[in-house]
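S.K.: Next one to model:
(chains A, B, C and D)
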There are 4 protein chains.
Amino acid sequence: MVSREAIILAMNANPAAKPAVTTARLEAFSDGVFAIAITLLIFGIKTPVVANHDAGELKRQLWALWPAYLSFAASFAIVSVFWIGHHQMFQLISRSNRTLLWLNNAFLMCVAFIPFPTSLLGLYWDQRVATVFYCAAIIVTGVVFYALWAYASVGERLLYPGIPSRVVRIAGWRILIGAFFYGVAIALTFVNVTASRIVILLIPFFYLLPSSIDPDIET
Amino acid sequence: MVSREAIILAMNANPAAKPAVTTARLEAFSDGVFAIAITLLIFGIKTPVVANHDAGELKRQLWALWPAYLSFAASFAIVSVFWIGHHQMFQLISRSNRTLLWLNNAFLMCVAFIPFPTSLLGLYWDQRVATVFYCAAIIVTGVVFYALWAYASVGERLLYPGIPSRVVRIAGWRILIGAFFYGVAIALTFVNVTASRIVILLIPFFYLLPSSIDPDIET
Amino acid sequence: MVSREAIILAMNANPAAKPAVTTARLEAFSDGVFAIAITLLIFGIKTPVVANHDAGELKRQLWALWPAYLSFAASFAIVSVFWIGHHQMFQLISRSNRTLLWLNNAFLMCVAFIPFPTSLLGLYWDQRVATVFYCAAIIVTGVVFYALWAYASVGERLLYPGIPSRVVRIAGWRILIGAFFYGVAIALTFVNVTASRIVILLIPFFYLLPSSIDPDIET
Amino acid sequence: MVSREAIILAMNANPAAKPAVTTARLEAFSDGVFAIAITLLIFGIKTPVVANHDAGELKRQLWALWPAYLSFAASFAIVSVFWIGHHQMFQLISRSNRTLLWLNNAFLMCVAFIPFPTSLLGLYWDQRVATVFYCAAIIVTGVVFYALWAYASVGERLLYPGIPSRVVRIAGWRILIGAFFYGVAIALTFVNVTASRIVILLIPFFYLLPSSIDPDIET
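M.R.: From the prediction side, this is the model:
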């Protein structure tokens, strides 16, 4: 508190002395949206409605929900990937500004949207259009995430000093590669829909592999 | 912990020595409500129900949801604006009291209400009454937000010392201008409903523009 | 981190030296449940379903939702009261133990339950049974809250040293008075249901009034 | 902030000097998912739909929801157990790595899934398949939780130094015992379904009992 008073007094004394704006509350708010969006994914799995509480029918319906289970797992994994990536990115970003704030809000809007295509994919697993819609939603999320990183890192605009350019470049590529894979999944729907869905389930595993920049970033 | 014990002992020794009540936990709780309300907006977009899983029908229904997508985006943007504004406001407020606490609760109640008019606007985009209801809900939110600011800032009641009166005044105006624009959107529904909806979509962009008080407030 | 290592090493050296268990993470988890439960109340207001998007019918249905709006507001206010009370209580509680943890969990379970009777009251405002159920749910919540406080404060078991017994006593009374008022609301349903609902709407305002123990507790 | 800059500069100077990765943000994110999942359980209790607002029918339906109330309480209690266990576990874990992060994400996915079997059990309390599904979901959650602990504790991989091996062993057993009891509940469905449900309701009480390792762990 004292420091905040000191900051304001300093600002009044010398407006040019404006302190670097930290990212702590932005990170906390983002974590909140991530935690909520990832937990709401469960509503993509609708409780079966069984007439007369027939045991066999309930069992059949629970098995028939397998696309919803897979869809839940795939989205949980990819939102986890975005969360870890966002967390790592903000280990390298030293301060915020109005543009970064709004790019981050746009990114969070995409993350908060994901429960909708997840529910869609779980319900219409057999439909090409659901797969395309799902992949498109995640590609847009990835592209906005890339824009966030590009904005923060161009000319080391908002980064801590001394981050190797190799780290900046590879971090960017890792985001784009994910988006590219979802593009491949879209393309595959025109060839073999099952192959497409397998790709969707496998993409998060790519991010399980250690990366060459891991030693440079706190996890 | 030590400090809390010390505070209580000091209070017993001298009740007049009651320390200024800080705003940290109030801010954390508000951030929680903001993060949840903004993520729940997605439930305004209902998963389509398609008989016989007809591909064409699913595609048509996904396109037909465009008002729900726009409504989600407009609300996400304006709740973001309120969050950023709330965050900035509490950079200037040094302590809390019972009245501020309840004004803040009333404001959070309005924020938590927003998913309902959002869902309404997405479903009944073609209806004047949905637009009026949506705008009215956000105007009420803005007015309560203004009351919060007015209460805290009149006579510098709860502010850090030394904040220029220009900052206090402009911060208040920026809240009222938003409410005014939503009033314009209501008025426009009597003239041209499409124009009204365009205004609703544009209002958040106003807050993207840099403000003359930015250098005085941490973002 | 160093301190945690030091604590564990110290514990191994001398198990009796176990440090007082603080309440920080318990408070953070409780705040999370409060923020979520209070925001989920909005789902008690169901979006109207209007055949053929008839404007007059939509307007009529929005007006007809007034019990749901009132129910939302009443619950938002009383959950706010519980949150503020919980926050103030933990300003006086210095450490946790297994029993306190479970009493707190039981209290949070009651808080998390409140969206259900709220939705019920909004939908069946005209039914005595909905009012009784709603009041009973809040009375149970209040009684568990009182048990939490009684457990922590008997013999100053878990309190900071030096808290006046007057503060302990009045804090307890303030919880029981709320529960008593909801009991009055139940009794009134047998006389005049409208009077009962007015009482429900007025109870939170009781907690708006300053209390004689305010100067003793950080808000 | 200074420390983060210092860390990055140090990393560049000497990549081998990479600091231990702390678990603070992982714990905060996990707490968020726990708080949300536990509060969403309430949606397993569906608001009754009563034609013509018949008072007797509403009362009958509220009584008939008793399996949903019990299911809500049982899940709230067991998720609380997992939360307390997770919290205690991370009192002993000193640092994170990629594998721990993903094991933790897998565990959170299981926790986020629990509202679905809870809703199922509340709706189909009379069906053996619902009980089996519910128990299986919690067993999987427990097994993943055990894997998390085994990974962190084998050879004291990620633990604070000096934790007695007795604590590591008993903590593991306490997780497996819970999973075992749910297995017993599954077996009992083939004998007496009521007995099975009583076991489900009693299991969380096992964790109310003090454990011999309590003095070694901060609660």
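
S.K.: close enough to count as contact, residue A:104 and residue A:148?
M.R.: Yes. At 6.2 Å, residue A:104 counts as touching residue A:148 under the criterion of Cβ atoms under 8 Å. No exception for glycine: its C-beta is placed from N, CA and C like everyone else's.

S.K.: Show me which of these two is the more surrounded one.
M.R.: Ranked by neighbour count (other Cβ atoms under 10 Å in any protein chain shown), residue A:104 and residue A:148 place residue A:104 first, with 27 against 22.

S.K.: Now name the helix or strand holding the more buried one.
M.R.: Taking DSSP states H and E as the criterion, residue A:104 maps to helix A:98-113.

S.K.: Show residues contacting that helix.
M.R.: Outside helix A:98-113, the residues that touch it by Cβ atoms under 8 Å, 6 or more residues apart in numbering or on different chains are A:26, A:30, A:33-34, A:36-37, A:79, A:82, A:86, A:93, A:137, A:140-141, A:144-145, A:147-148, A:151-152, A:158, B:38-39, B:41-42, B:72-73, B:76-77, B:80, B:84, B:208, B:210, B:214, B:219.

S.K.: let's see 6 Å
M.R.: Residues outside helix A:98-113 that contact it (Cβ atoms under 6 Å, 6 or more residues apart in numbering or on different chains) are A:33, A:37, A:140-141, A:144-145, A:147-148, A:151, B:39, B:42, B:76, B:80, B:208.

S.K.: Counting neighbours, which bits of that helix end up buried?
M.R.: Buried residues in helix A:98-113, counted by 16 or more other Cβ atoms under 10 Å in any protein chain shown: A:98, A:100-113.

S.K.: from the residues you listed, which is closest to chain C?
M.R.: Taking Cβ to the nearest Cβ as the measure, residue A:112 is the one of these closest to chain C, at 13.7 Å.

S.K.: Need the per-residue pLDDT for the closest one.
M.R.: Looking at residue A:112, its pLDDT is 97.

S.K.: Quick check, residue A:130 in contact with residue A:120.
M.R.: Yes. Contact between residue A:130 and residue A:120 holds when scored by Cβ atoms under 6 Å: they sit 5.0 Å apart.

S.K.: Between the two, point out the one with more neighbours.
M.R.: The neighbour count for residue A:130 versus residue A:120, taken as other Cβ under 10 Å, is higher for residue A:130 (27 against 24).

S.K.: Now the residue of chain A found nearest chain B. Its backbone dihedrals?
M.R.: Going by Cβ to the nearest Cβ, chain B is nearest to residue A:32 of chain A, at 3.1 Å. In terms of degrees, to the nearest 10, the main-chain angles of residue A:32 are phi -60, psi -50.

S.K.: show me the residues around it that make contact.
M.R.: residue B:35 are the contacts of residue A:32 under Cβ under 6 Å, 6+ apart.

S.K.: Let's see that with 7 Å instead.
M.R.: Going by Cβ atoms under 7 Å, 6 or more residues apart in numbering or on different chains, residue A:32 touches B:31-32, B:35, D:32.

S.K.: How about residue A:158?
M.R.: Contact partners of residue A:158, counting by Cβ under 7 Å, 6+ apart, are A:93-95, A:97, A:100, A:152.

S.K.: Which of those residues ranks first by neighbour count?
M.R.: With neighbours taken as other Cβ under 10 Å, the top of those is residue A:152, carrying 25 neighbours.

S.K.: State the distance from the residue nearest to residue A:58 when sequence neighbours are not counted to chain C.
M.R.: Distances taken as Cβ to Cβ, 6 or more residues apart in numbering or on different chains put residue A:50 closest to residue A:58, at 4.7 Å, once the chain neighbours are dropped. Noted for residue A:50: a distance of 23 Å to chain C, by Cβ to the nearest Cβ, to the nearest Å.

S.K.: any chance of the contacts of residue A:32 in TSV, plus distance to residue D:192 and pLDDT?
M.R.: Shown next, in TSV, are these (distance: Cβ to Cβ, whole Å; pLDDT from 0 to 100):
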residue	distance to residue D:192	pLDDT
B:31	49	92
B:32	44	92
B:35	45	95
D:32	39	92
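
S.K.: Return the member of those nearest to chain C.
M.R.: Chain C has its nearest neighbour among the contacts of residue A:32 in residue B:32, at 3.1 Å by Cβ to the nearest Cβ.

S.K.: which ones are touching the closest residue to chain D within chain A?
M.R.: Across chain A, the shortest distance to chain D (Cβ to the nearest Cβ) belongs to residue A:35, at 3.2 Å. Contacts of residue A:35 were listed using Cβ under 7 Å, 6+ apart, and they are D:29, D:32-33, D:36.

S.K.: Identify the residues contacting residue A:131.
M.R.: A:121, A:189, A:193, A:196-197.

S.K.: what helix or strand is it on?
M.R.: Assigned by DSSP H and E, residue A:131 belongs to helix A:128-153.

S.K.: Which stretches in chain A count as strands?
M.R.: Using DSSP state E, chain A contains no strands.

S.K.: Output the below-cut-off pLDDT ranges for it.
M.R.: Chain A contains residues with pLDDT under 70 at A:1-22, A:214-219.

S.K.: Enumerate every residue touching the residue nearest the centre of chain A.
M.R.: Centre of chain A computed as the mean C-alpha position; nearest residue by Cα atoms, centre = their mean is residue A:82, 3.1 Å away. Residues counted as contacts of residue A:82 (Cβ under 7 Å, 6+ apart) are A:111, A:141, A:145.

S.K.: Equivalent analysis for residue A:120, please.
M.R.: Taking Cβ under 7 Å, 6+ apart, we find residue A:120 in contact with A:130, A:133-134, B:47.

S.K.: now with 8 Å?
M.R.: With the criterion set at Cβ under 8 Å, 6+ apart, residue A:120 makes contact with A:130, A:133-134, B:47-48, B:62.

S.K.: wait, isn't residue A:41 in contact with residue A:116?
M.R.: No. Using Cβ under 8 Å, residue A:41 is not in contact with residue A:116; the gap is 10.3 Å.

S.K.: In this structure residue A:69 contacts residue A:42, no?
M.R.: No. Using Cβ under 8 Å as the test, residue A:69 is too far from residue A:42 to be in contact (10.5 Å).

S.K.: More neighbours: those two, which one.
M.R.: Comparing residue A:69 with residue A:42 by other Cβ under 10 Å, the one with more neighbours is residue A:42, at 23 against 16.

S.K.: Am I right that that one is in contact with residue D:116?
M.R.: Yes. Applying Cβ under 8 Å as the test, residue A:42 and residue D:116 come out as touching, 5.7 Å apart.

S.K.: centre of the chain versus stretch A:169-185, how much separation?
M.R.: Offset of stretch A:169-185 from its chain centre (Cα atoms, centre = their mean, to the nearest Å): 12 Å.
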